[in-house]
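> Need coordinates for the following:
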Amino acid sequence: MKMQTNFLCALTLFISASFGMLHAQDNNVNTEFGVKGGFNMSNLISDGDNEPNDENILYGFNAGVYATLPISDFVAIQPEILFTTKGSELEYNNAFASGNAKFRLNYIEVPLLVRVNITKNFNVHAGGYASYLVSSKVTGDGTFNFNEDIDTDDLNKFDAGVSAGVGVDFNPISIGLRYNYGLTTVGKERTVAGTTYTFPDAKNSNLTLYLSYKLN
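I've put the predicted structure just below:
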């Protein structure tokens, strides 16, 4: 997605410019335990997609728990456990049919992030995630209506990728924006009649707006 690409570029420049300010800030990281949830904008991206189609965004959600574990005055490790939805939506309109189809993927996801407090109330975080596919479904509305579960054995059950984001803290509430990019294809590789293919031959892309609440 263009928006996600621009977000990552801006975040990289901001992190580079901000590290020199760390010593001058009252930005101590404290141990935290809390709950969080958010709004997802997901898509599936193939390696050959130079300009992913923003019209294929599927809207969803995430929810779970997190901990912030300081390793220095302004740096912490932040593990999380989340239930998150991903996938993509396709709209079609031709001489034979019109409507939309939604490909939904539901994961248990475990991000492991390095969080840096740039100021007392502003942080950047980056790292990776691993996730396990618990269910999947395809639904359609329009000329053809359908609602079918997909056997998770037909897809890669494990996904892993990279994450980066920013957060603003208003104790005990925080809000933030994070982008995840999968490094594993959603579909499995198969060989049929001597031809090898992967379907869907695409990776997860997910932009999240989240809200968290500190419990301690």
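
> pLDDT weak spots in the chain?
For the chain, the stretches with pLDDT under 70 are 1-27, 48-53, 92-98, 142-144, 191, 193-194, 196-197.

> partner residues bridging residue 45?
With DSSP bridges applied, residue 45 shows beta-bridge pairing to residue 203.

> Strand partners (parallel or antiparallel) of the strand or helix carrying residue 133?
Assigned by DSSP states H and E, residue 133 falls within strand 122-142. Strand 122-142 has the following sheet partners, assigned by DSSP bridges: strand 98-119 (antiparallel), strand 146-149 (antiparallel), strand 158-170 (antiparallel).

> Run the chain-centre distance for it.
From the chain centre to the centre of strand 122-142 is a distance of 5 Å (C-alpha atoms, centre = their mean, to the nearest Å).

> Going by neighbour count, list what's buried in that strand.
Buried residues in strand 122-142, defined by neighbour count with 16 or more other C-beta atoms under 10 Å: 122, 123, 124, 125, 126, 127, 129, 131, 133, 136, 140. Placement of C-beta: from N, CA and C, glycine included.

> How about stretch 58-75?
58, 60, 62, 64, 66, 68, 70, 74.

> before we move on, what about stretch 167-176?
Under the neighbour-count criterion of 16+ other C-beta under 10 Å, stretch 167-176 has 167, 169, 174, 176 buried.

> Between the two ends of it, how far is it?
Stretch 167-176 has its terminal residues 4 Å apart, counting by C-alpha to C-alpha, to the nearest Å.

> Identify all contacting residues around it.
The contact list for stretch 167-176, computed with C-beta atoms under 8 Å, 6 or more residues apart in numbering, reads 34, 115, 120-125, 165-166, 177, 209-215.

> So what's the gap between it and the chain middle?
On C-alpha atoms, centre = their mean, the centre of stretch 167-176 falls 19 Å from the chain's centre.

> again with stretch 160-176
Remark: stretch 160-176 is offset 12 Å from the chain centroid, using C-alpha atoms, centre = their mean.

> Then stretch 169-181?
That offset, for stretch 169-181, works out to 13 Å (C-alpha atoms, centre = their mean).

> Ok, stretch 31-40 next?
14 Å.

> Only the buried residues of stretch 141-151, if you could.
Per 16+ other C-beta under 10 Å, stretch 141-151 contains no buried residues.

> ok, back up a step: indicate which one of the strands paired with strand 122-142 is closest to residue 85.
strand 98-119 (5.5 Å; C-beta to C-beta).
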